[in-house]
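S.K.: Here you go, sequence then predicted model.
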Amino acid sequence: MAIDGVLLNNCKFDLENKIIGSRVNKIYQMGKTLLTIDIRQPGESLKILISIDPEGSRVHLTDLKFEHPSHPPDFCMVLRKYLSNGNIVKITQPEFERVLHLKIDKGGKIYTLILEIMGRYSNIILVDENNIVLDAMKRVGEKKNKERQLYPGIEYQAPPPQDKLNPLNVNKKDFFEKIPDDFRKYCYKAIMYNFRGIGPNIAKEIVHRANIDYEKHFHELSNENLDSIWKSFDQIFSKVNNGEFNPTVGINEDTLIDYTSAFELKYIKDLKTKNFKTTGDLFDYFYKNHIQKREFIKLQKRLSDIVNNFLDKNRKKQRELRGKIKESKNADKYKKIGELIKSNIYQIEKGQKKVVLTDYYDSEQKEIKIELDPKITPAENAQKYFKKYEKAKKSYNHLKRELGKFRHEERYLEQVQLNIEQADSEDDLVEIENELREEGYIQKQKQGSKENKALPPRKFKSSEGYDILVGRNNKQNDYLTKKKANDHDIWVHTKKIPGSHVIIRNHTNDEIPEKTIKEAAQLAAYFSKGKMSTNVPVDYTTVKNVNKPKGAKPGLVYYDDYKTLYADPDKELVKKLSENAKNTK
């Protein structure tokens, strides 16, 4: 979601109020697009976040916490070299463009950290007192851009200027002289195309606050309309000059963020709005409710596509194997032909291409036509059919074993797909991704990649006070059933359909009440492929009756001495039992 010059000016205002005079303490770079700068001033520690993510470029103070890489990238090392222990002395927004300059004094030398917050063209550049580039987060060579390069040693060039006026310095005369008299587009575009830093949202809002339809053509406006638009424009930018911002997000009916703005956009109807004191609060909310959700959906789709791809291959191979198994069932036919030739060997002569014999194995003893190899003797023809029988028989057994392996893998992948669908967070998906990597479905990362801390299982407490644990993924299912659970705990799982392992902890060592077992069964049905069904069959037994085959994929077990009941997935019950667990911590 792009930041316009107005919202960036709001960011500048909030930063100026907090960080001027502060000392740069620590600098971290997470990936290719995210940077944080820890700063110190008397009695307070703050953190600046700078992102050049094309879909979330921004700069603000943040309370968010990030995991820092063990090996900082080269650009981060350059920033640490020149900026650590320096003092932030000034922040500017040249000509109201989508660019901020952070001036940092270190040892009497002034360095400028240039933040170009321009969507997919965003970048972070460090220059020295002579305007020479020391480094850029995204280096740009001549092959990428013949007009403007960004790499160490070159003189910094600002983005090409636009033929627009700075709205902070515009008077009424300038306003009307800048817009051509014959401008024949929508009136909001007359503002957007002629004044810097104004995106479509603020341009439409200016016109709306003048009580004019923003899609009315500019050349059709009356003098009274024009005067109203100027007054609205002037009011907005007087607020900008005075720092009277109202950072706002608009939220649509799907609870997704529709816009971020320095002012509430009243021209957009049917949206809920949420106002914030600072851009830092706004963008932290934006990160948690938009960027994290976007990243979650992207990772969820990527993992789902990987699993679906392997499932498609698996099922195709199973179809091929079933076809071959069907063919190999002719093994007994070859044996029968060999026996018939052997029984009638004196009626057959070498050189015959075929022979018609009575089929003694048929109840009606019909005649059967048998193909022969004329180059070999009748006895050798019989042996040839016996060999075909042996080969087909061996092939049948091998194919059946192979089909079993693929069916086993299919069950595993279906369970992984369910885990991906039911993941609650990006951390859930990262654990599933690691599992797929360990199982060879995703290429392993190079050594030195960071290990993610294992998530706990989902925890619930029954109405009668029994802890119920539900696995988030296959590896966690294995851990719950084979390591965490005791022999007398109860294991619960949907019958013959993918689902999470559910464990009822038997802290009393007595018989677990029927109501608790029923609630656990409803949880098992909810966290399964049968989530949208009713009357889902669920098996349960003591953990000691659950075993894992040697070499089985994660999460796959067999069990005996079980009982079956039928349960309806109940979202409200899931919430209630989850709250029970939280309230008894």
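M.R.: On my side now, so go ahead.
S.K.: quick check: mean pLDDT across stretch 273-283?
M.R.: Mean pLDDT, stretch 273-283: 96.
S.K.: Tell me which residues are up against that stretch.
M.R.: 7, 10-11, 14, 49, 58, 60-63, 245-251, 260, 262, 264, 285 (C-beta atoms under 8 Å, 6 or more residues apart in numbering). (Glycine included, C-beta is placed from N, CA and C.)
S.K.: what does stretch 121-131 give?
M.R.: By C-beta under 8 Å, 6+ apart, stretch 121-131 touches 35, 50-54, 57, 75, 78-79, 82-83, 109-116, 133-138, 140, 150, 155-156, 159.
S.K.: need the strands for the stretch 201-350 of the chain, in chain order.
M.R.: 248-251, 257-261, 272-275 (DSSP state E, counting those that start in this stretch).
S.K.: of these, which approaches Asp182 most closely?
M.R.: strand 257-261 (30.9 Å; C-beta to C-beta).
S.K.: so which of the strands of the stretch 201-350 of the chain gets nearest Lys216?
M.R.: strand 257-261 (21.8 Å).
S.K.: Which strands border the closest one, and is each parallel or antiparallel?
M.R.: Its sheet considered, strand 257-261 pairs with strand 248-251 (antiparallel) by DSSP bridges.
S.K.: how distant is the strand it pairs with from the center of its chain?
M.R.: 23 Å (C-alpha atoms, centre = their mean, to the nearest Å).
S.K.: Repeat that for stretch 21-30.
M.R.: 29 Å.
S.K.: List the buried residues in that stretch.
M.R.: With burial defined by 16 or more other C-beta atoms under 10 Å, the residues of stretch 21-30 counted as buried are Ser22, Arg23, Val24, Ile27, Tyr28, Gln29, Met30.
S.K.: same thing with stretch 37-49?
M.R.: Those would be Ile37, Ile39, Gln41, Leu46, Lys47, Ile48, Leu49, for stretch 37-49 by 16+ other C-beta under 10 Å.
S.K.: farthest-separated two in these?
M.R.: Most distant of the buried residues of stretch 37-49, by C-beta to C-beta, are Gln41 and Leu49, 17.3 Å apart.
S.K.: Identify all contacting residues around stretch 343-352.
M.R.: Residues contacting stretch 343-352 (C-beta under 8 Å, 6+ apart): Ile341, Val355, Leu357, Tyr360, Leu372, Pro374, Ile376, Thr377, Pro378, Ala379, Asn381, Ala382.
S.K.: 6 Å instead, please
M.R.: Contact with stretch 343-352 is made by Val355, Leu357, Leu372, Pro374, Thr377, Pro378, as judged by C-beta atoms under 6 Å, 6 or more residues apart in numbering.
S.K.: Report the buried residues of it.
M.R.: Asn344, Ile348.
S.K.: And that stretch, end to end?
M.R.: 17 Å (C-alpha to C-alpha, to the nearest Å).
S.K.: What of stretch 78-97?
M.R.: Terminal residues of stretch 78-97 lie 26 Å apart, using C-alpha to C-alpha.
S.K.: And the contacts of it?
M.R.: For stretch 78-97, using C-beta under 6 Å, 6+ apart, the contacting residues are 5, 9, 12, 15-16, 19, 22-24, 27, 100-106, 111, 135, 166, 168, 196-197.
S.K.: Which parts of the least confident helix or strand in the chain by mean pLDDT count as buried, going by neighbours?
M.R.: Of all helical and strand segments in the chain, the minimum by mean pLDDT, DSSP states H and E falls on helix 331-343, at a mean of 89. Under the neighbour-count criterion of 16+ other C-beta under 10 Å, helix 331-343 has Ala331, Tyr334, Lys335, Lys336, Ile337, Gly338, Glu339, Leu340, Ile341 buried.
S.K.: Specify which member of those is nearest to Ser462.
M.R.: For the buried residues of helix 331-343, the nearest to Ser462 is Ala331 (55.0 Å; C-beta to C-beta).
S.K.: Not counting residues beside it along the chain, what's closest to the closest one?
M.R.: Ala392 (3.7 Å; C-beta to C-beta, 6 or more residues apart in numbering).
S.K.: The helix or strand hosting that neighbour versus helix 331-343: what angle between them?
M.R.: Per DSSP states H and E, Ala392 falls inside helix 378-421. Here helix 378-421 points in a direction 180 degrees away from that of helix 331-343 (axes from the mean of the first three to the mean of the last three C-alpha atoms, to 10 degrees).
S.K.: hang on, the earlier thing: looking at the contacts of stretch 121-131, which are in helices?
M.R.: Phe75, Val78, Leu79, Tyr82, Leu83 (DSSP state H).
S.K.: Let me have these in JSON lines, extended by distance to Thr564 and neighbour count.
M.R.: JSON lines is the format used below for the ones in helices among the contacts of stretch 121-131 (distance: C-beta to C-beta, whole Å; neighbours: other C-beta atoms under 10 Å):
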{"residue": "Phe75", "distance to Thr564": "60", "neighbour count": "21"}
{"residue": "Val78", "distance to Thr564": "65", "neighbour count": "18"}
{"residue": "Leu79", "distance to Thr564": "62", "neighbour count": "26"}
{"residue": "Tyr82", "distance to Thr564": "69", "neighbour count": "18"}
{"residue": "Leu83", "distance to Thr564": "66", "neighbour count": "20"}
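S.K.: Redo those residues as JSON lines? Include pLDDT and distance to Ile490.
M.R.: Formatted as JSON lines, the ones in helices among the contacts of stretch 121-131 follow (pLDDT from 0 to 100; distance: C-beta to C-beta, whole Å):
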{"residue": "Phe75", "pLDDT": "97", "distance to Ile490": "55"}
{"residue": "Val78", "pLDDT": "97", "distance to Ile490": "59"}
{"residue": "Leu79", "pLDDT": "98", "distance to Ile490": "56"}
{"residue": "Tyr82", "pLDDT": "97", "distance to Ile490": "62"}
{"residue": "Leu83", "pLDDT": "97", "distance to Ile490": "59"}
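S.K.: Any figure for the gap between the most centrally placed residue in the chain and Phe66?
M.R.: The centroid of the chain falls nearest to Leu299 when counting by C-alpha atoms, centre = their mean (2.2 Å). Leu299 sits 17 Å away from Phe66, going by C-beta to C-beta, to the nearest Å.
S.K.: And for Tyr334?
M.R.: 68 Å.
S.K.: And for Pro357, the neighbour number?
M.R.: Heads up, residue 357 is Leu, not Pro. 16 (other C-beta atoms under 10 Å).
S.K.: Name the SS class of it, please.
M.R.: strand (DSSP: H, G, I helix; E, B strand; the rest coil).
S.K.: So for the residue located most distally from the centre of the chain, what's the pLDDT?
M.R.: Among the C-alpha atoms of the chain, the one farthest from their average position, using C-alpha atoms, centre = their mean, is that of Tyr346, at 74.8 Å. On pLDDT, Tyr346 comes in at 89.
S.K.: I'd like the distance between the residue nearest to the centre of the chain and Thr260.
M.R.: 23 Å.
S.K.: same deal with Glu224?
M.R.: Distance from Glu224 to Thr260, by C-beta to C-beta: 33 Å.
S.K.: ok, now Lys216?
M.R.: 26 Å.
S.K.: Tell me which of those two has more neighbours.
M.R.: Thr260 (25 against 14).
S.K.: who does the more buried one bridge with?
M.R.: Val249.
S.K.: wait, it sits on Val249?
M.R.: Yes: contact criterion C-beta atoms under 6 Å: Thr260 and Val249 qualify, at 5.3 Å.
S.K.: Okay, and the nearest residue to Thr36 once chain neighbours are set aside sits in which element?
M.R.: What sits nearest to Thr36 in space, not counting adjacent residues and going by C-beta to C-beta, 6+ apart, is Tyr28, at 5.0 Å. Using DSSP H and E, Tyr28 maps to strand 23-30.
S.K.: which helices and strands does that strand pack with?
M.R.: strand 34-41, helix 74-83 (3 or more C-beta pairs under 6 Å, 6 or more residues apart in numbering; DSSP states H and E).
S.K.: how about a markdown table for the ones you listed, with distance to Lys453 added?
M.R.: What follows is those, written out as a markdown table (distance: least, C-beta to C-beta, whole Å):
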| stretch | distance to Lys453 |
| --- | --- |
| strand 34-41 | 20 |
| helix 74-83 | 23 |
